[in-house]
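J.: Structure, please.
(one chain, ligands or ions: 1)
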Amino acid sequence: MEGRLPVVWHEAYEVDLGDHVFPTPKYRLVMERLLQEGTIKEEDVIKPGPAPDQAIARIHHSDYIAKIKNGTLSPLEVTLLEVPFSPSLRESAWIAAGGTILTGELALERGLAVHLGGGFHHAFPDHGEGFCLINDVAVAIAELKARGVVRRAAVIDCDLHQGNGTAAIFAKDPSVFTFSIHQENNYPARKPPSDLDVGLPDGAGDETYLAALRRHIPDILERHRPDLVFYLAGADPYREDQLGGLNLTMEGLRQRDLLVLEACRSRNLPVAVTLAGGYARKLSDTVEIHCNTVRAARELV
Ligand SMILES: [Zn+2]
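T.: Okay, the predicted model is just below:
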């Protein structure tokens, strides 16, 4: 299987949210494009099952899980979530968490694996927000640690938005290093500190962004020495993003992906990629940016 990139995906990620800025068809569109062009093959695509409730419960509080299961989130809680709650949203979140666990396992086995889903970094133990119901990356880290296959992990969060849920979850856990590079003047208003936050000014472009990564990523990997890296390859730092105010080009984002992935690969650190956000005016741009991430990963296997 050398030279093959495992790709995790499930059709349940395409949740009907009505008229909404979050384009859930992107997951399928990315996979279809990659298959069509031959970057991945049918046999590389692996469908995850839902995360076991026990794994979800390592991060999320039992009363929050019960409310999701029973469909009894309050109107205020649904407002904070910013997506309509439905059984298919719940199913999608459980499978995304299972998918990120699986991607972590595959990364440990094969060095590199991609989840065409996941990266729901705004979910906290006791509530969801910002389109994120369940923090799949946190669930995966806790699960892999509980199984004893990972002792130390790092989260490299390159979504436009600060990874507030992940930062809060691992605030007191020295075994998990959380890094977030984001637009400072954007959601979330309150940003619980990550182990390292880089808050960029409005309009920051490729050079500023890549310089920050060059400055910090090697240092994080060498100092923290994780057994596994989770990379959130958000497409929303793109200059044409509807929710973002950074000014990265598609080429800049491709360089970002290569920089992060090469930094991990050159140190023999397994890396599990999740897609996270992306709300470009043209859906085809978001799809292209995510495809570029997978193409970069494919180049490196
Ligand atoms: Zn985002």
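
J.: Buried residues in stretch 38-52, which are they?
T.: Buried residues in stretch 38-52, defined by neighbour count with 16 or more other Cβ atoms under 10 Å: 39, 40, 44, 45, 46, 48, 50, 51. Every residue, glycine included, has its C-beta placed from N, CA and C.

J.: Which residues does it contact?
T.: 4-10, 31, 34-35, 91, 94-95, 97-99, 101-102, 106, 134, 136, 139, 143, 291, 294-295, 298 (Cβ atoms under 8 Å, 6 or more residues apart in numbering).

J.: Would you mind writing the CA trace of it as CSV?
T.: The C-alpha trace of stretch 38-52 is given here as CSV (Å, rounded to 0.1, in the frame of the first residue of the first chain):
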residue,chain,number,x,y,z
GLY,A,38,-7.0,10.3,-10.1
THR,A,39,-5.5,11.9,-7.0
ILE,A,40,-7.2,9.2,-5.0
LYS,A,41,-8.8,5.9,-6.0
GLU,A,42,-12.1,4.3,-4.9
GLU,A,43,-10.2,1.8,-2.8
ASP,A,44,-8.4,4.6,-0.9
VAL,A,45,-11.7,5.9,0.5
ILE,A,46,-12.7,4.5,3.8
LYS,A,47,-16.1,5.1,5.4
PRO,A,48,-16.1,5.6,9.2
GLY,A,49,-18.7,4.5,11.6
PRO,A,50,-20.1,6.8,14.3
ALA,A,51,-17.8,7.3,17.3
PRO,A,52,-18.8,5.2,20.3
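
J.: ok, back up a step: filter the contacts of stretch 38-52 down to just the ones in helices.
T.: 31, 34-35, 91, 94-95, 97-99, 101-102, 106, 136, 139, 143, 291, 294-295, 298 (DSSP state H).

J.: Check what pLDDT whichever residue of the chain sits closest to the ion gets.
T.: The minimum distance from the chain to the ion, using Cβ to the ion, falls at residue 277 (2.9 Å). The model reports residue 277 with a pLDDT of 98.

J.: tally of neighbours for it?
T.: By other Cβ atoms under 10 Å, 26 other residues sit near residue 277.

J.: same deal with residue 299?
T.: That count, for residue 299 with other Cβ under 10 Å as the rule, works out to 13.

J.: what residues are up against it?
T.: residue 258.

J.: What's the separation between it and residue 235?
T.: 18 Å (Cβ to Cβ, to the nearest Å).

J.: next one: residue 162
T.: 16 Å.

J.: In contact with residue 118, which residues are there?
T.: 96, 97, 99, 100, 103, 136, 137, 274, 275, 276.

J.: Which of these ranks first by neighbour count?
T.: Busiest of the contacts of residue 118 [other Cβ under 10 Å] is residue 137, holding 36 neighbours.

J.: residues touching residue 217, list them.
T.: Contacts of residue 217 by Cβ under 8 Å, 6+ apart are 156, 179, 259, 260, 263.

J.: ok, the residue nearest the centre of the chain - contacts?
T.: Closest to where the C-alpha atoms of the chain average out (Cα atoms, centre = their mean) is residue 119, at 2.2 Å. Listed by Cβ under 8 Å, 6+ apart, the contact partners of residue 119 are 136, 137, 159, 232, 233, 234, 274, 275, 276, 277.

J.: again with residue 13
T.: By Cβ under 8 Å, 6+ apart, the neighbours of residue 13 are 24, 27, 28, 92, 95, 96, 116, 117.

J.: Would you tell me which residues of the stretch 101-250 of the chain are close to the ion?
T.: 159, 160, 161, 234, 236 (Cβ under 5 Å from the ion).

J.: Tell me which of the residues you listed fall in helices.
T.: Per DSSP H, the subset of these in helices is empty.

J.: Now tabulate those residues in TSV and tack on neighbour count, distance to residue 169 and pLDDT.
T.: Shown next, in TSV, are these (neighbours: other Cβ atoms under 10 Å; distance: Cβ to Cβ, whole Å; pLDDT from 0 to 100):
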residue	neighbour count	distance to residue 169	pLDDT
159	25	16	98
160	25	20	98
161	26	16	98
234	30	18	98
236	27	21	98
